[in-house]
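J.: sequence and predicted structure, then a few things I'm wondering about:
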There are 4 protein chains.
Amino acid sequence: MALRHLQYQHSCPESLVRLKACREQSLRLIDGLSDADVTVQSMDDASPIKWHLAHTTWFFEEFLLVPHVPEYRVFDARYRYLFNSYYETVGPRQPRPRRGMLTRPALDEVKQYRAHIEATLFDSLPNPLPEALSFLIELGIHHEQQHQELMLTDLLHLFAQNPLKPVYRSTPEVMSESASTPLAWVEFKSGRFSVGNTGHGFAFDCEGPQHEVLLRPFALASRPVTQGEWLAFVEAGGYHNPAWWLSDGWVCVQREQWHAPLYWTQRNTRWWQMTLCGERAVEPDAPVCHISFFEADAYARWAGKRLPTEFEWEVAAAAQAVQGNFASAARFRPCPTSRDPQSPLQQLYGDVWEWTASPYVAYPGYRPMAGAVGEYNGKFMNGQYVLRGGSCATPEHHVRSTYRNFFYPHQRWQFSGVRLAEDR
Amino acid sequence: MALRHLQYQHSCPESLVRLKACREQSLRLIDGLSDADVTVQSMDDASPIKWHLAHTTWFFEEFLLVPHVPEYRVFDARYRYLFNSYYETVGPRQPRPRRGMLTRPALDEVKQYRAHIEATLFDSLPNPLPEALSFLIELGIHHEQQHQELMLTDLLHLFAQNPLKPVYRSTPEVMSESASTPLAWVEFKSGRFSVGNTGHGFAFDCEGPQHEVLLRPFALASRPVTQGEWLAFVEAGGYHNPAWWLSDGWVCVQREQWHAPLYWTQRNTRWWQMTLCGERAVEPDAPVCHISFFEADAYARWAGKRLPTEFEWEVAAAAQAVQGNFASAARFRPCPTSRDPQSPLQQLYGDVWEWTASPYVAYPGYRPMAGAVGEYNGKFMNGQYVLRGGSCATPEHHVRSTYRNFFYPHQRWQFSGVRLAEDR
Amino acid sequence: MALRHLQYQHSCPESLVRLKACREQSLRLIDGLSDADVTVQSMDDASPIKWHLAHTTWFFEEFLLVPHVPEYRVFDARYRYLFNSYYETVGPRQPRPRRGMLTRPALDEVKQYRAHIEATLFDSLPNPLPEALSFLIELGIHHEQQHQELMLTDLLHLFAQNPLKPVYRSTPEVMSESASTPLAWVEFKSGRFSVGNTGHGFAFDCEGPQHEVLLRPFALASRPVTQGEWLAFVEAGGYHNPAWWLSDGWVCVQREQWHAPLYWTQRNTRWWQMTLCGERAVEPDAPVCHISFFEADAYARWAGKRLPTEFEWEVAAAAQAVQGNFASAARFRPCPTSRDPQSPLQQLYGDVWEWTASPYVAYPGYRPMAGAVGEYNGKFMNGQYVLRGGSCATPEHHVRSTYRNFFYPHQRWQFSGVRLAEDR
Amino acid sequence: MALRHLQYQHSCPESLVRLKACREQSLRLIDGLSDADVTVQSMDDASPIKWHLAHTTWFFEEFLLVPHVPEYRVFDARYRYLFNSYYETVGPRQPRPRRGMLTRPALDEVKQYRAHIEATLFDSLPNPLPEALSFLIELGIHHEQQHQELMLTDLLHLFAQNPLKPVYRSTPEVMSESASTPLAWVEFKSGRFSVGNTGHGFAFDCEGPQHEVLLRPFALASRPVTQGEWLAFVEAGGYHNPAWWLSDGWVCVQREQWHAPLYWTQRNTRWWQMTLCGERAVEPDAPVCHISFFEADAYARWAGKRLPTEFEWEVAAAAQAVQGNFASAARFRPCPTSRDPQSPLQQLYGDVWEWTASPYVAYPGYRPMAGAVGEYNGKFMNGQYVLRGGSCATPEHHVRSTYRNFFYPHQRWQFSGVRLAEDR
């Protein structure tokens, strides 16, 4: 193994090097978690971590090995059923809400499955890689990175259900030498702008085709809404006044009895929040997190502002370097801005995904990929909103200015926050 | 009464003349219906017809008489609770799913309420009308017209639940001298187009502000998809193949056990449909009706086409006269095209509302009206899609090229159909 | 008709005379109700009054005319589907929760159906009646009487949903010359007792076979629990302390947010209750009504007593005349005891049905009737409890000491109350 | 530890010796299970095995150590919340449907908790034990034995959800030298019988007070219904004919789409069943298992028989030795009868719990125990039926002739079967 590892570092295609690193990172994320921790499913929207580990492996088996390596024999035929997510083309599958029933295969067996598929990939893929395979490897890496983020969001949700409030990672305090940056407004002129994927570098199909949009003059807040600002909304009765809410949102607030972001609890007069670092006091200077679109939209209306569209966000972000508080920083929670003096827009990338006003729909001329991988994005284009920018749980190098994340407007378990906009 | 009626025809403002006509039309729609027919609520989405009659009256009482006629005393204080639809600003209300519990007030009492409010309006409004009141009258007329359409859609839903398949109106057969027009494609060039309300004539707030959009070259089908074409989709197994469906749509198909449009039934080998004219054979040449967005979208994918965006539709419709098979034609069901030689686009208006690919969202710079009437449109801007063009149940003079109707993608009880589009 | 009516009074069998009276009584109950009042269904457990009127007619058509009158042609074949309640043997039927969709046939048509079936019965049944038919007539009368009570309970439920709180009957105040009788305890000795139907007179199959039971010494309260006594339970926090409740009952209390009997409302500090006579103040001296088994049981535990078994009740009631506040008294609500000096047990019959501790199960040797009418009782022997004694909505001459009514422990819309018992 | 163990064997009270054995048995049951296997909850009715292990420990801590050992300090205050089952008197608790969220404490921590409580009990309880404590020890043993059975039933349910069909125990085949015993009928005379707990030996409160009942002549089947006999019911369309079913049962059959016992699957023409020994062919000669009361009752009606009452069963079983296929036999599934020549009634004890016709209600004069342990039985006396005799998952020495198990009529995941009865 060590020998092959060496060889691979020297001779194998660059994409396989990154694949190796990506796969190792998935396993690194579960350090310290028990077989039980990675097996339980805390709600229908979440999946067990073990399932994520197996499903991302199944992806390579199903879409690379099975169709492209003629002599390949599947690791375990039953895994095809267990670890298919939603690919109707591939066949029936373990119902999503029942993924947590799978105490077998055990974590160790899933690790063996992972190792086997990886070894087979490295042994059997031709060098150099044909473009089609190279694209699938790339797609598989990005797919696994998405699941790496989900592993963290789903684990947090699980731990939040536990009265013991387990700690995933104890991170050193981030020194915040002073209060948060005062909110400023960054102005943008109207115009005709090109948006969407340029074709250079990897992008998901939904990021294209590149096309032009018209924007009117607008301004973006210099940073996301902070927990301190959100507290003012809570204390102003924001969760009790229908005036601020979309009709569907107000139904949701009442049915779910929302009165603060997910994971916030008030004890006596203090507010606490559950994080991957355990339960902590609400941090006034850090971006608010785990809010739904409905909450983001209501807050904006209360504040006399609005959400940016995804294209306003993209145009503003296009010129900015993709750096920020990502998972690689190992903080695993949004932190106060570090005040990068080089950019007027703070924390565009990392910390929290930013809800936009834009429904997740197809760009003009959009065509899904052919075959089963084409089920990846297009079929979810209903009822969801676009989020931009990545979070403290997003792998570095995963996002870009054209990247479109999407969730339903009531969902809150992602690391989702909000940056305000206004007309100019 | 006769005298006042005469006077009013000669001296009262034009908008009051139209108000009078509109109010009379509401009552004309219930000819032949019993107290029971107008009281029962067939599902949460529908309302009893009696409730529509009272609510449209409450609208004038609440938004005109109460704030603008100082000496006005409410007809019955409890009606404020019973007939408020969703205006949080106004106060609590009869829960929507419980509107069908109101066997009292009886239909006759609701008619008295209607007559009282009308008489008071005509007696007490200043002449000439100040612009604010004139606008509210106009808003009230359009509001009542919307409910006139809902009275028909809700009645059809109620009658469709009844194994006796009651007939609302027996209409003479529409002579269809020949088969339906062959489908043609009408092309449109790319460009920068102005869309939305121009400010001339009445429009709902969501139709503005006028703004510019970019369109790429496209083509629209010359007529809506017909029932015959839809039958081919059904027989090709369209309702059993997940490949054609959005993920949310497929969940809906399976949960609701859809296998044809709402109101379609197969007996032996023939297909029947429930209509306001009773149960009738499916008509191959008439537009398909009572389909959801999910079905429209799936059909388009199966046909290798797509839905038009609302702006493609609006640009195509802008030059065309607003005429077609509306409620005033008293057919109360979509009919085969009459082949208007003057326009390449048949049945754009009337017959069936046409689903578009566009989520119902705010136009750039949108501001809801101030006060309670501002709750009218904006708060519903989530999860719904825009439909255009009006139907066989829409009052004449109610729609226009900028008119945006909106429903959730699973809803089918409206007179909703589909016209295909494609890229050029 | 008048002639035949005369003849029938002189010549027809006694059971037909009672049938005629029973049928007339059903129509008398709907005096003053509108087509809408009799059509709407207020919840799944309740049925529209029009449906009761038609179903009790269908019973005679289906079980007498169709099998026993060879030349009989059904009135309307579709009614067989519409007005079958739950007879699987007879065939499919309008789903129970959709009975309220039937705005057609109209009330007048249902009245014609009633008249037609009655006329056919009187014209076509042989005289004298064979025993089998005579029994079915008797069964049909008692069946219709049960539905007469349900018409009242279901109407009250419907009117209680209406914020206008409609009045069904304005009855003169019952003069209650003094406060309620002090509660006394009436003792009964242990022994071996015969219970169940003796075979003399009509009884439902579930009342037999007659058999022996052992009873230990016990005492019954001299009257039902009053509204005043119940108020003490409410004010003592009875609805907020799980100690008094069965586990299933406590789940119900919390899910349904019970804090008083059904139809009770507190405004400011006073308690009101909805009745068939409109909304009225809670009457301290009248029996508490519209309580579930769970509430009756919890109250008894709080009071340090228990519910009687159905056999304790039957043994105590056997010697007592069947008289009390029944529907024929036209009070339509439970009233303070009239202090009949002849009996130590007040209000055993009438006023309120009395929950017992006995699950509704088959007596030893029980056999349901043969054929479809055998579906009448036995198949409901699960999860329900026996109530005894009849109520203010029960037709006179309908109940007897062996009569077993039964409802689920969470149901409250019947005129159900409670009499306490204790061991001696 | 070894020393103390020795000492304890020589000097400690007999009940503590049995306690020790019982506690060890609980841990023996989880041999071979992973942390994940013991953590996941497969449905609301089931609990995680780890939770059973902790809850049975909490029982001793809460009811023995806390009130009776003054210097005792709770092991972990949070466990009081996590591992309380339903004792309202004790305080709030982890909601039952969320017991599966507790990936922490890990299995090892729960084992430490168990060891700590055991050690403290043995160290701190006075010797000799006062009667009150001795009773609580006894209650705790029987309580833990009940949970030992639940551990097996809940584990089977979990494994049955897993497409991999895991094997809990591979047991050697039971040699069945010949076909099942032909069914015979064992007759019993009528009479007045004493039933219920005599006061000798441990019994749950619901088994008393002892009292007399009258029985009519009856006969019991010589053995439970077999899987082969059940197959005939399935193949005769038993699950598709409402005539055999209670009304509530028929609703359940249709809603849950039952067409065979729980865990039965048909592949091609053969029937398989999931067991603790993995998936196995249906065994014609073994008792049918995992059927609901509704199924047992429907089968009996189809077969022209009935279920025995709990008192018929008890009177028949009273004279018979308590021996059979219990968990100690380590077969973990019902097996063909071993034809004990000494008794005409085969398999009364062990193999499968036998549904009776008797609702689970209080015996005359029943009083629950004082204090929190009084919440143990009485509050569940609603809507459930009594089962008798124990199963292949029941610990030996746990059941007796007066033992009343109880479940809801729709529940099937217990090892529940049926023995027929008939009138004589």
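T.: That came through, no problem. Numbering: from 1, shown residues only, chains lettered A, B, ... in the order given.
J.: drop to CA atoms for contacts and neighbour counts, all remaining ones
T.: Fine.
J.: run the chain-centre distance for stretch A:212-227.
T.: Remark: stretch A:212-227 is offset 21 Å from the chain centroid, using C-alpha atoms, centre = their mean, to the nearest Å.
J.: where in the stretch 251-400 of chain A is pLDDT low?
T.: Applying pLDDT under 70 to the stretch 251-400 of chain A flags residues A:338-341.
J.: in chain A, what residue is nearest chain D?
T.: A:Ala36 (4.0 Å; C-alpha to the nearest C-alpha).
J.: which residues touch stretch A:89-108?
T.: For stretch A:89-108, the surrounding residues in contact (C-alpha atoms under 8 Å, 6 or more residues apart in numbering or on different chains) are A:35, A:38-41, A:43-45, A:47-48, A:50-51, A:80-86, A:371-372, B:243, D:36-37, D:40-42, D:158, D:161-162, D:164, D:166.
J.: shouldn't A:Arg280 be within a strand?
T.: Yes: under DSSP: H, G, I helix; E, B strand; the rest coil, A:Arg280 sits within a strand.
J.: contact partners for it?
T.: A:Arg280 neighbours (C-alpha under 8 Å, 6+ apart): A:272-274.
J.: bridging residues for it?
T.: On the basis of DSSP bridges, A:Arg280 is bridged to A:Gln273.
J.: quick check: the residue of the stretch 151-300 of chain A nearest chain C.
T.: Counting by C-alpha to the nearest C-alpha, the stretch 151-300 of chain A gets nearest chain C through A:Arg255, at 13.6 Å.
J.: quick one on the thing from earlier: isn't the residue of chain A closest to chain D right next to D:Leu33, touching?
T.: No: in this structure, A:Ala36 is not within contact of D:Leu33 by C-alpha atoms under 8 Å, at 11.6 Å.
J.: compare these two (neighbour count), which wins?
T.: When A:Ala36 and D:Leu33 are compared for neighbours, A:Ala36 comes out ahead with 28 against 13, by other C-alpha atoms under 10 Å in any protein chain shown.
J.: returning to what we had before: got a winner among the contacts of A:Arg280 for most neighbours?
T.: A:Met274 (22 neighbours).
J.: all helices of chain A, in order?
T.: Taking DSSP state H as the criterion, chain A carries its helices at A:2-11, A:14-29, A:49-60, A:66-68, A:79-82, A:107-124, A:131-160, A:227-235, A:247-256, A:293-302, A:310-317.
J.: can you lay out those helices as JSON lines showing mean neighbour count?
T.: What follows is the helices of chain A, written out as JSON lines (neighbours: other C-alpha atoms under 10 Å in any protein chain shown):
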{"stretch": "helix A:2-11", "mean neighbour count": "12"}
{"stretch": "helix A:14-29", "mean neighbour count": "16"}
{"stretch": "helix A:49-60", "mean neighbour count": "24"}
{"stretch": "helix A:66-68", "mean neighbour count": "13"}
{"stretch": "helix A:79-82", "mean neighbour count": "20"}
{"stretch": "helix A:107-124", "mean neighbour count": "16"}
{"stretch": "helix A:131-160", "mean neighbour count": "21"}
{"stretch": "helix A:227-235", "mean neighbour count": "16"}
{"stretch": "helix A:247-256", "mean neighbour count": "16"}
{"stretch": "helix A:293-302", "mean neighbour count": "24"}
{"stretch": "helix A:310-317", "mean neighbour count": "21"}
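J.: out of these, nearest to D:Thr57?
T.: D:Thr57 lies closest, by C-alpha to C-alpha, to one member of the helices of chain A: helix A:131-160, at 23.8 Å.
J.: what angle separates the closest one from helix A:49-60?
T.: 170 degrees (axes from the mean of the first three to the mean of the last three C-alpha atoms, to 10 degrees).
J.: from the contact counts, what lies against helix A:131-160?
T.: With contacts taken as 3 or more C-alpha pairs under 8 Å, 6 or more residues apart in numbering or on different chains; DSSP states H and E, helix A:131-160 sits against helix A:14-29, helix A:49-60, strand A:270-275.
J.: out of the ones you listed, which is closest to A:Pro130?
T.: Ranking these by proximity to A:Pro130 (C-alpha to C-alpha) places helix A:14-29 first, at 11.8 Å.
J.: show residues contacting the closest one.
T.: By C-alpha under 8 Å, 6+ apart, helix A:14-29 touches A:8-9, A:53, A:122, A:134, A:137-138, A:141, A:144-145, A:148.
J.: from these, which is closest to chain B?
T.: Closest approach to chain B among the contacts of helix A:14-29 (C-alpha to the nearest C-alpha): A:Glu144, at 21.2 Å.
J.: quick one: that closest one from A:Glu138, how far?
T.: A:Glu144 is 10 Å from A:Glu138, where distance means C-alpha to C-alpha, to the nearest Å.
J.: same thing with A:Trp313?
T.: According to C-alpha to C-alpha, A:Trp313 and A:Glu138 sit 26 Å apart.
J.: what pLDDT does the model give A:Gln7?
T.: With respect to pLDDT, A:Gln7 scores 40.
J.: now swap in the one 5 residues further on and tell me
T.: Reading off the confidence values, A:Cys12 has pLDDT 67.
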